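*Asks:* here is my input, please return the structure:
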Amino acid sequence: MENNSNLLRAIIGFIIAAILIFGSIKWAGNLAESKAKPKKKSAQSINKIYTQVVTNSNIPISFSEKGILQAVHKVELYSEVQGILKSGNQLFKPGQSYSKGATIFSIDDSEFKASLVAQKSVLYNLISQAMPDLRLDYPEVFDKWQSYLDQFDIKKITPTLPTFDSKKEKMFINGKSIVTTFYNIKNLEERHKKYNLYAPFYSVVTESLVNPGTLVRSGQKLGTIINPNAYEVAISINESFKDFLQIGKEVNLTNLDKTKSWKGKIARIDPTINTTTQGILAYINVRGKGLKEGMFLEAQIQAKPLKNAFVIPRKLLVENSKTYVVRDSQLHLVEVEVGFFKAQSAIVTNLQDGTVILKNAIPDAYEGMKVEQIN
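*Replies:* Modelled structure (predicted):
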């Protein structure tokens, strides 16, 4: 009897638990169904919008780019001869200036000069030895060569040889090695000029790599000079802007702090496109006080204006080539020709005067959307 009583209690407890579980599930389902579902927006709902009317005009084009200032005339100095660098009146140091034609530095030429004088003596002796034969065989040219010897000075630049009056004279002189020796001397004289370096323009030293007393070797870099009166800045411009640039156009230049400004002009435009930036380089010439090699400048360029154009916000563009217009209280997507992009706007050139377009972008806009203009 006791076992039957326990079994009955267990069955009753199981039934009660099943009822409770089923009731909980049913209650949860009813609760979920009782929540209000969000109402779908009617496809026929009308959106209220702000619009603007296209009025075309000539739109000035301007943009700014940054670049590094470089001297127009910048020369790296290399030695073409070997010797000891001599000390001059002015030290070859950064910041040192030289007037045009002044000696920047000199290299000791004692050994080379002695060799040059020796070669001149050889030429003088060759001509002297030929004089007796000239007197006997070519008396008509003797005075000409005698006059050449009289003006010959081994301490001065070798004078040009007399011109030949006949083929026989030419063959005779060549046979004496006079012409070969003469041109060897002229070659040495040209090389001797390289022992002194003169300023090709008003110059300032920006880099010095040698000191007086240093042994300078042929091909060794000595330093760098610039002309501090003429600079240019190269700015990289998107290739699509090329047609807006004009050589000779005036450009406003400022330092990055906007505390100083200068006037420059577009001097030249590189026609090639940089493969990395896909831009072209425009070079702007500039002069004035306060300009320094290597400083950053920002160029404000006023380019050729776009005719019959209209400015719209860039956010109104769809795929950068379309925009919505309003016709018959509906939106219609049309193609536009963008003549110029700015940071927040775009200048389009093919919208007709009187065309109604959006003033602000509409989320989820689509072709045929019904709209109502807000006055």
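*Asks:* would you list every one of the helices in the stretch 1-150 of the chain?
*Replies:* Using DSSP state H, counting those that start in this stretch, the helices of the stretch 1-150 of the chain run over 2-34, 110-137, 139-151.
*Asks:* right, and the helix or strand after the last one?
*Replies:* In other words, helix 139-151. Downstream of helix 139-151, the first helix or strand assigned by DSSP states H and E is helix 167-175.
*Asks:* tell me the buried residues in that following helix?
*Replies:* 169, 172, 173 (16 or more other C-beta atoms under 10 Å). In short, each C-beta sits where N, CA and C put it, glycine included.
*Asks:* repeat that for stretch 78-94.
*Replies:* Within stretch 78-94, the residues that count as buried by 16+ other C-beta under 10 Å are 79, 81, 82, 83, 85, 92.
*Asks:* the third one touches residue 217, doesn't it?
*Replies:* Yes - with contact defined as C-beta atoms under 8 Å, residue 82 reaches residue 217; the gap is 5.3 Å.
*Asks:* quick one: residue 292 is in a helix?
*Replies:* No - according to DSSP: H, G, I helix; E, B strand; the rest coil, residue 292 belongs to no helix; its state is coil.
*Asks:* give the bridge partners for the nearest residue to it once chain neighbours are set aside, please.
*Replies:* Leaving aside its chain neighbours, residue 292 sits nearest to residue 69 (7.0 Å; criterion: C-beta to C-beta, 6 or more residues apart in numbering). Beta-bridge partners recorded for residue 69 (DSSP bridges): residue 233.
*Asks:* list the residues that contact residue 69.
*Replies:* Applying C-beta atoms under 8 Å, 6 or more residues apart in numbering to residue 69 gives the contacts 231, 232, 233, 286, 291, 292, 293, 294, 295, 296, 297.
*Asks:* tell me the buried residues within those residues.
*Replies:* 231, 232, 233, 286, 291, 297.
*Asks:* pretty sure the first one is touching residue 289, no?
*Replies:* The one in question is residue 231. No - counting by C-beta under 8 Å, residue 231 does not reach residue 289; the two are 11.6 Å apart.
*Asks:* which stretches of the stretch 201-350 of the chain have low pLDDT?
*Replies:* 240 (pLDDT under 70).
*Asks:* residue 116 and residue 220, how far apart?
*Replies:* 22 Å (C-beta to C-beta, to the nearest Å).
*Asks:* returning to what we had before: turn the buried residues of stretch 78-94 into CSV, including pLDDT and distance to residue 63.
*Replies:* Below are the buried residues of stretch 78-94 laid out as CSV (pLDDT from 0 to 100; distance: C-beta to C-beta, whole Å):
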residue, pLDDT, distance to residue 63
79, 92, 46
81, 92, 50
82, 92, 52
83, 92, 54
85, 91, 49
92, 87, 43
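*Asks:* what's the closest of those residues to residue 257?
*Replies:* Checking those against residue 257 with C-beta to C-beta, the nearest one is residue 92 at 33.7 Å.
*Asks:* ok now do that closest one, which residues does it touch?
*Replies:* Contacts of residue 92 (C-beta under 8 Å, 6+ apart): 104, 105, 205, 208, 210, 212, 222, 223.
*Asks:* what sits against the third one?
*Replies:* Right, the one you point to is residue 205. Per C-beta under 8 Å, 6+ apart, neighbours of residue 205: 92, 93, 94, 95, 96, 97, 98, 223, 224, 225.
*Asks:* out of those residues, which are buried?
*Replies:* Here, 16+ other C-beta under 10 Å leaves 92, 96, 98, 223, 224, 225 buried among the contacts of residue 205.
*Asks:* inside strands: which ones of these?
*Replies:* Counting by DSSP state E, the part of the buried ones among the contacts of residue 205 found in strands is 98, 223, 224, 225.
*Asks:* and which of those is nearest residue 309?
*Replies:* Looking across those and measuring by C-beta to C-beta, the closest to residue 309 is residue 224, at 47.3 Å.
*Asks:* residues in contact with the closest one?
*Replies:* Residue 224 is in contact with 74, 75, 76, 77, 205, 206, 207, counting by C-beta under 8 Å, 6+ apart.
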